[in-house]
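> Pasting the sequence and the predicted coordinates here, then a few questions.
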Amino acid sequence: MKNRALVKQWLIRATSNLNRARAGKIHNTILYEDLCFDCQQAVEKSLKALLIAHDLESPHTHIIAHLLETLEQNRIPVPEDMKSSVDLTEYAVHTRYPGLYEPVTGEEYREALAMAECVYAWVSKQLK
């Protein structure tokens, strides 16, 4: 792995997003939409770390499906249970613009967090 330092930086950023998402709704002014954005970011940054670890270019995209496809096109198998993380892409943009979405529920947040935890754990295991 040529870019060990860059991989580490991406994973640090993924960890930061995941930890903010894990903190949850610690105040009534925190929106589930923002917590889900952190879940999406944790997944996106984790996948970019994995791509870089395999000496692949990290695409400038927020679309998780594209990142997963890039892994698979380069013969890096993605477990089936990771593929539902594509659903988190909606939190990358739409929920940051009032009026473009329905409010995110607590249940949707918990699902997003569970998926982010799953992808982060998988990527972390791949990087060891």
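That came through, no problem.

> Most distant residue from the centre of this protein?
Relative to the mean C-alpha coordinate of the chain, counting by CA atoms, centre = their mean, the farthest residue is Asn28 (24.2 Å).

> Pull the number of nearby residues for the residue lying closest to Lys83 once chain neighbours are set aside.
Excluding the flanking residues, the one nearest Lys83 by CB to CB, 6 or more residues apart in numbering is Leu68, at 6.4 Å. Quick note: C-beta positions are derived from backbone N, CA and C, even for glycine. Leu68 has 19 neighbouring residues, counting by other CB atoms under 10 Å.

> and if you look at Thr70?
Counted by other CB under 10 Å, the residues lying close to Thr70 total 20.

> Ok, the one 3 residues further on next?
The tally of other residues near Gln73 (other CB under 10 Å) stands at 9.

> residues contacting Asp87?
Counting by CB atoms under 8 Å, 6 or more residues apart in numbering, Asp87 touches Met115.

> What does the pLDDT read for it?
pLDDT recorded at Asp87 is 97.

> isn't the residue nearest to Lys83 right up against Ser84?
No. The criterion here is CB atoms under 8 Å, and Leu68 misses it with Ser84 at 10.4 Å.
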